[in-house]
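1. My questions concern the predicted model and sequence given below.
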Amino acid sequence: MMGILELKGLGKNFGKNVAVNAIDLSIKKGQIRGLIGPNGSGKTTIFNLISGFIQPSRGRVYFQGEDITDLPPHIVAKKGIARTFQLAALYKEITVLENVIMACHLHVRATLWEQFWRNKRTRREESEIEDKALDLLEVMGILEIKNEIAGDLPHGHQAALGIANVLATEPKLIMLDEPVSGMNPIETAQTMERIQKVRDRGITVFLVEHDMKAVTTTCDEITCINFGNKLTEGIPDDVCRHPEVIEAYLGGEINTC
Amino acid sequence: MQNTKRIALGRIIVIAIIVTVAPFTVSEYKADVLTMLLINIILVSSFRLITTTGGWSLAHVPMMGAGAYATALMSTRWGCPFLIALPLASLTAGLVGMVVSYPLSRTKGFSFFVASFAAGEAIRLCWIRFKFPFGGHRGVSNIQPPKLIPGLDFSEAIPYYFLTLAVTILCLMILYRIDRSRLGNTFKVIESQEDLSSSLGINTKKYKMLAFAIGSCFAGTAGVMLAHRLWAIEPHQFGFMTTLYLLVWVVFGGTHTFWGPIIGVVVMTLLGEILNPLMEWIPLVYGVIIILTLHFLPEGLGGLQARTGLRLGNFWKIRITFEK
């Protein structure tokens, strides 16, 4: 069976440096897939390749059976892949609610003229979008802080808002780049719970993370890469016991899992 | 709510009285200075629209020139009446802006700054190089003042002032409306986080081009008003010195708010009139003001309100950075 996202021999060179060699990866619909690997192993590069921010040197990306390799980011988003960035990229200057309202860009049907004149229909659409944004904030459990400026929030809430923002595009697959980095254990647990909630809505999750505990408890399957090559993949317990993973990622110590 | 509405209404009435009475209290020459101020207000407001997407365009004054040249050629060669030349010439400038913005939309930050300068100079050199139809160094002269209402001579300072006032109010209303619409907010979020915006499905290049084209269109409107007042235009009016003044006004006013650049140009113009006896020392004063502004008021005069707690409506804080 074909997965929702398929990478076939995907690779990227930066000059002479091979950032990603030739990755084959298949993500099943509805699962939470983790991507782990030491710093500089090419995890974020893979995300950038899938979402269209950089063009691959070789290989193809298929999403729901469709080749999306050469599409620019905003088209990839339209196809149903949404991603977050490291260190919670948000519109820091505006409020939480305004963030999600602006993130609903793909649902705006009003033409530019209608946005300018703001007739009755456009205003109705704007209030519909606001309702939708409020719904998403409720799902993420941050409804009560909707009027706070996004940049002033603590890490945990910023991460939740980051996920709410990407959910606003109504994606089929979301890619989270280090969703719990820099968080304390309580925030991490909350964020992981939110990610599971996202999956329960039928959205496939693909995440990069350093926090081994968070990854092993949440993910259905894990892929481990090093130096741009895939080391192994499988269920968390197997991956954690894999000698090469222990060697590469944990530096030879076996006490994290 | 009632109270803020009353304050806004009060402000509008005060401003309306000032702009109506002002030209009658000064000499004819000074009335022309006020007309130029109105033209510059259109110029800075349209410039601010482009800055909301994150780019400080150095091609804005040449865009004003594009509008001025368009109306000059239309009215001297085809005898186009003012009311038709005004929208047509503005759209021409918008079109030029759209063409120029296509390569510019691929640049960011500092490279945008430099590339837009090059694009503006290229346009300006075209006017010098192609004697037909642009008239080379001597430009286009004998542009007729508008004939709108019989009995009202628009070649005189005060009627022309009120004509410019009407055009300015119209432009500001449109620009304000864009600023407050979802479209304007989309421009601002692109400035805030470009990568995030494109991963949310926003075609950032398209929106940047759109902002540039709209801004250029209104710069063109300013150019039309300028050309019909000066009766003659030449390429050096739209040179780098004018761009520098534009930047001074905008930096002094701050681009975070809609009103910031307008306040900036008004205060600077009044200051320039007061400092008139200093003659060639005026640019020095401007330089000192800019250094002091950047140091003590990085958000410009518009940011002063926020600092003193007199918040006027909800405005967006937009950082302007040249790095990256």
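-> Received the coordinates, thanks. Numbers count the residues shown, from 1 in each chain, chains lettered A, B, ... in the order given.
2. Now the residue in the stretch 201-324 of chain B positioned nearest to chain A. Its backbone dihedrals?
-> Using C-beta to the nearest C-beta, the point where the stretch 201-324 of chain B gets nearest to chain A is residue B:201, with a distance of 3.8 Å. Backbone N, C-alpha and C define where each C-beta goes, glycine included. When quoted as degrees, to the nearest 10, the phi and psi of residue B:201 stand at phi 100, psi 10.
3. same deal with residue B:136?
-> In this entry, residue B:136 is assigned phi and psi values of phi 60, psi -150 (degrees, to the nearest 10).
4. Tell me who's in contact with it.
-> Taking C-beta atoms under 8 Å, 6 or more residues apart in numbering or on different chains as the criterion, residue B:136 is in contact with B:127, B:128, B:129, B:130.
5. mind checking which helix or strand the first one is in?
-> Using DSSP states H and E, the secondary-structure element containing residue B:127 is helix B:109-129.
6. And the helices in chain B, which stretches?
-> Read by DSSP state H, chain B holds these helices, from start to end of the chain: B:2-25, B:28-51, B:60-77, B:82-104, B:109-129, B:131-134, B:157-180, B:182-192, B:194-199, B:204-230, B:240-253, B:260-274, B:282-296, B:302-308.
7. scratch that, the stretch 151-257 of chain A is what I was asking about
-> For the stretch 151-257 of chain A, helices defined by DSSP state H, counting those that start in this stretch occupy the ranges A:155-167, A:185-200, A:212-218, A:236-241, A:243-249.
8. Could you pull out the buried residues of the longest helix seen in chain A?
-> When chain A is scanned for its longest helix (criterion: DSSP H), the result is helix A:120-139. Buried positions in helix A:120-139, judged by neighbour count with 16 or more other C-beta atoms under 10 Å in any protein chain shown: A:122, A:125, A:126, A:129, A:132, A:133, A:136, A:137, A:139.
9. just stretch B:112-131 next, same as before
-> Judged by neighbour count using 16+ other C-beta under 10 Å, the buried positions of stretch B:112-131 are B:112, B:115, B:116, B:117, B:119, B:120, B:121, B:123, B:124, B:127, B:128.
10. ok now do the residue lying closest to the first one once chain neighbours are set aside, which residues does it touch?
-> I take that to be residue B:112. Using C-beta to C-beta, 6 or more residues apart in numbering or on different chains and skipping the chain neighbours, the partner closest in space to residue B:112 is residue B:55 (4.5 Å). When contacts are counted by C-beta under 8 Å, 6+ apart, residue B:55 is found next to B:104, B:108, B:112, B:113, B:116, B:208, B:212.
11. What confidence value was assigned to residue B:55?
-> Predicted confidence (pLDDT) for residue B:55: 83.
12. Check residue B:69 too.
-> Reported pLDDT for residue B:69: 94.
13. go on, residue A:253?
-> 50.
14. For the helix holding residue B:127, which helices and strands make contact with it?
-> Judged by 3 or more C-beta pairs under 8 Å, 6 or more residues apart in numbering or on different chains; DSSP states H and E, the packing partners of helix B:109-129 are helix B:60-77, helix B:82-104, helix B:131-134.
15. Identify all contacting residues around that helix.
-> If you take C-beta under 8 Å, 6+ apart as the criterion, helix B:109-129 is touched by B:54-63, B:65-66, B:69, B:96, B:100, B:103-104, B:107, B:134-137, B:139, B:235, B:238-239, B:243, B:321-324.
16. okay, the angle between it and helix B:82-104?
-> Put simply, helix B:109-129 runs at 130 degrees to helix B:82-104, going by axes from the mean of the first three to the mean of the last three C-alpha atoms, to 10 degrees.
17. Compute the inter-axis angle for helix B:109-129 and helix B:60-77.
-> Relative orientation of helix B:109-129 versus helix B:60-77 (the same axes, to 10 degrees): 30 degrees.
18. where's residue B:70 relative to residue B:42, distance?
-> According to C-beta to C-beta, to the nearest Å, residue B:70 and residue B:42 sit 16 Å apart.
19. between the two, which one's more packed in?
-> When residue B:70 and residue B:42 are compared for neighbours, residue B:42 comes out ahead with 28 against 24, by other C-beta atoms under 10 Å in any protein chain shown.
20. Neighbours of the residue lying closest to that one once chain neighbours are set aside, how many?
-> With C-beta to C-beta, 6+ apart as the measure, residue B:222 is the residue that lies nearest to residue B:42, at 4.1 Å, once sequence neighbours are left out. Burial of residue B:222 is recorded as 31 neighbouring residues (other C-beta under 10 Å).
21. Contacts only, for residue B:222.
-> By C-beta under 8 Å, 6+ apart, the contact list for residue B:222 reads B:39, B:40, B:42, B:43, B:46, B:64, B:67.
22. count of neighbours near the nearest residue to residue A:147 once chain neighbours are set aside?
-> Excluding the flanking residues, the one nearest residue A:147 by C-beta to C-beta, 6+ apart is residue A:95, at 5.4 Å. Residues lying near residue A:95 (other C-beta under 10 Å) number 17.
23. Please report how far residue A:95 lies from residue B:278.
-> Plainly put, residue A:95 is 46 Å away from residue B:278 if you go by C-beta to C-beta.
24. and if you look at residue A:113?
-> Between residue A:113 and residue B:278 the distance, using C-beta to C-beta, works out to 49 Å.
25. Residue B:234 is in contact with residue B:138, correct?
-> Yes: taking contacts as C-beta atoms under 8 Å, residue B:138 lies within contact range of residue B:234: 6.1 Å.
26. Looking at these two, which is more packed in?
-> Taking neighbours as other C-beta under 10 Å, residue B:138 and residue B:234 compare with residue B:234 leading, 20 against 13.
27. How about the residues of the stretch 51-200 of chain A by chain B?
-> Residues of the stretch 51-200 of chain A that fall close to chain B, judged by C-beta under 8 Å from any C-beta of the partner chain: A:51, A:53, A:72-74, A:76-78, A:82-83, A:85, A:89-94, A:98, A:102-103, A:105-106, A:108, A:110, A:112, A:115-116, A:118, A:126, A:165-166, A:168-169.
28. Counting neighbours, which of these end up buried?
-> Neighbour counting over these (16+ other C-beta under 10 Å) leaves A:51, A:53, A:73-74, A:76-77, A:82-83, A:85, A:89-94, A:98, A:102-103, A:105-106, A:108, A:110, A:112, A:115-116, A:118, A:126, A:165-166, A:168-169 as the buried ones.
29. Out of the residues you listed, name the ones that lie in helices.
-> With helices defined by DSSP H, the entries of those inside them are A:51, A:73-74, A:76-77, A:98, A:102-103, A:112, A:115-116, A:126, A:165-166.
30. how about JSON lines for those, with distance to residue B:154 and pLDDT added?
-> JSON lines is the format used below for these (distance: C-beta to C-beta, whole Å; pLDDT from 0 to 100):
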{"residue": "A:51", "distance to residue B:154": "56", "pLDDT": "90"}
{"residue": "A:73", "distance to residue B:154": "51", "pLDDT": "91"}
{"residue": "A:74", "distance to residue B:154": "47", "pLDDT": "92"}
{"residue": "A:76", "distance to residue B:154": "55", "pLDDT": "91"}
{"residue": "A:77", "distance to residue B:154": "52", "pLDDT": "91"}
{"residue": "A:98", "distance to residue B:154": "45", "pLDDT": "89"}
{"residue": "A:102", "distance to residue B:154": "44", "pLDDT": "89"}
{"residue": "A:103", "distance to residue B:154": "49", "pLDDT": "88"}
{"residue": "A:112", "distance to residue B:154": "34", "pLDDT": "85"}
{"residue": "A:115", "distance to residue B:154": "35", "pLDDT": "83"}
{"residue": "A:116", "distance to residue B:154": "30", "pLDDT": "84"}
{"residue": "A:126", "distance to residue B:154": "42", "pLDDT": "86"}
{"residue": "A:165", "distance to residue B:154": "53", "pLDDT": "89"}
{"residue": "A:166", "distance to residue B:154": "56", "pLDDT": "88"}
